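Student: quick one: sequence plus predicted model below, questions after.
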Amino acid sequence: MNPQVVERAQTQNCKLRRGELLAMLSLIMALMAMAIDLMLSAFDDMRATFGLEPTSNEVAGVVTVFFMGFAVAQFVYGPLTDRFGRKRVLGVSIAIYIVGAIASALAPSLGLLLAARFVWGIGAAGSRVVATAVIRDLFEGAEMAKAMSQIMAVFIMVPVIAPALGAGIIAFLPWQSVFWACALWSIAMWLWSRRLPETLPVEQRRRLDKADIADSYRTFFTTRPTLWYSVSSIFMQSVFTMYLASSELIVSEIFGHRSWFPFVFGATAIGFGIASLVNGKAVGRFGVRPVLNRMLVVLNVCATILVVVALSGSGQPSFWVFMPALALMLSAFMFIMPNMNAEAMQPVPHIAGTVSALSGGFRMLGGSILGGLVAARIDVSVTPFAVAALIFALLSWASAYIAQIESTDLAV
């Protein structure tokens with residue numbers, strides 16, 4: 001941890017140890033996961049409330065629209081965090097998050113619910129931008145990747161328990177109660193985040209004017225390794241969006257195991273957590289890029305297996321073969337994304353907030369559009385999911401390869 005940050009934290013009576021800091025940042029980032037995973041078990045009730053067919057995937061819009069708001073807002077939050085500091089932006093974003101959650105709980109129609117979810121996504125974006133920028137303020141290189149992996153290991157506990165928790169809430173209360181629960185959780189996180197030290201010194205803050213913002217954006221687009229890693233992450237996010245938007249339909253309708261969904265989702269998330277912990281140790285031993293490259297190969301092998309399994313079962317393969325293969329493929333994400341983020345931000349530490357925002361914004365926007373288009377076409381077969389996952393995995397691999405070539409040229 002940066003000694004200057006420790007000194008500032010102590011002068012502000014904010015004696016945060018590394019463990020509390022990483023736990024706090026994990027749960028701040030998990031505000032996004034709470035907004036998605038807690039309500040997945042409510043999809044059936046949403047369909048009934050809004051008069052949709054049992055196999056309709058229209059409710060997947062509450063995931064994809066949330067991601068769109070999340071994506072667009074990051075383009076604004078980035079320059080704001082580099083100008084006003086991390087803590088101010090975090091407070092504003094949590095306030096918007098609360099408004100979106102309450103509006104979603106009160107929405108009388110699917111259309112208004114989607115609009116509220118877009119606002120909710122705008123609020124959630126700030127927590128992600130701030131948390132990532134704080135990590136970049138305090139760590140770099142392998143230490144940053146290790147810290148990100150430790151954060152993801154805590155963060156991943158949310159999708160492990162959230163669907164089951166959401167199902168428990170819905171068993172006793174109206175499905176809208178899961179949105180109220182998110183609002184209460186965000187208030188708790190705001191109170192805790194008051195202990196977070198400001199990690200961006202005043203003398204390092206950038207002006208908020210057109211020329212300065214344009215310069216930051218130009219740096220992002222002309223730093224080719226950063227740009228190509230960001231492109232690679234778009235395809236990674238597309239797969240993850242597909243999974244979040246269609247997992248309930250796949251487990252409940254295609255495989256016919258409705259009551260199993262919270263446990264299947266949670267078990268897959270446990271794999272994410274284990275992968276994050278292993279990644280933290282792996283990058284310390286082998287380095288960021290070797291781990292990234294090997295896991296991109298693993299990702300594509302798993303995606304190929306998924307296609308073979310899906311086609312061999314005519315779109316409805318054995319649950320016990322398809323879901324483990326899918327879980328293995330998704331676990332590779334926890335090796336890839338933290339390392340890819342670390343590599344993308346490494347050349348541009350002076351605009352960490354802006355880069356975090358642009359990279360994350362393009363990833364979420366592109367991923368929500370591409371993943372949402374595929375998820376909307378999944379009804380009685382898993383084949384569209386498997387084929388799209390392989391295509392996106394191959395494109396991600398190719399983009400990361402180009403990024404590394406550009407990175408070598410930049411070093412020379």
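Tutor: Good, I have the coordinates.

Student: ok, now which ones touch Leu90?
Tutor: Applying CB atoms under 8 Å, 6 or more residues apart in numbering, we find Leu90 in contact with Ile28, Gly126, Ser127, Val130, Ser193, Leu196. Placement of C-beta: from N, CA and C, glycine included.

Student: which of those sit farthest apart?
Tutor: Put simply, by CB to CB the two of these set farthest apart are Gly126 and Leu196, 13.4 Å from each other.

Student: compare the two (neighbour count), which wins?
Tutor: Taking neighbours as other CB atoms under 10 Å, Gly126 and Leu196 compare with Gly126 leading, 29 against 22.

Student: secondary structure element for the more buried one?
Tutor: Element membership for Gly126 (DSSP states H and E) is helix 110-138.

Student: repeat for Tyr77
Tutor: With DSSP H and E as criterion, Tyr77 is part of helix 61-84.

Student: what's the answer for Ala403, then?
Tutor: helix 383-411.

Student: just checking, Arg205 touches Asp82?
Tutor: Yes - with contacts counted by CB atoms under 8 Å, Arg205 reaches Asp82, the gap being 6.5 Å.

Student: before we move on, back to that, in the helix holding Ala403, what's buried?
Tutor: For helix 383-411, the neighbour count (16 or more other CB atoms under 10 Å) marks 383-397, 399-400, 402-404, 406-407 as buried.

Student: name the helices or strands packed onto that helix?
Tutor: For helix 383-411, the elements it packs on are helix 224-249, helix 288-312, helix 333-345, helix 352-375, judged by 3 or more CB pairs under 8 Å, 6 or more residues apart in numbering; DSSP states H and E.

Student: got CSV for the ones you listed, with mean neighbour count and distance to Val178 too?
Tutor: Shown next, in CSV, are the helices and strands packed on helix 383-411 (neighbours: other CB atoms under 10 Å; distance: least, CB to CB, whole Å):
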stretch, mean neighbour count, distance to Val178
helix 224-249, 24, 13
helix 288-312, 19, 30
helix 333-345, 26, 25
helix 352-375, 25, 20
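
Student: relative to Ile213, which of these is closest?
Tutor: Closest to Ile213 of those, according to CB to CB: helix 352-375, at 7.9 Å.

Student: contacting residues for the residue nearest to Ile96 when sequence neighbours are not counted?
Tutor: Closest residue to Ile96 in three dimensions, ignoring its sequence neighbours and counting by CB to CB, 6 or more residues apart in numbering: Gly123, at 3.4 Å. Contact analysis of Gly123 by CB under 8 Å, 6+ apart lists Ala73, Ser93, Ile94, Ala95, Ile96, Tyr97, Ile98, Val99, Gly100.
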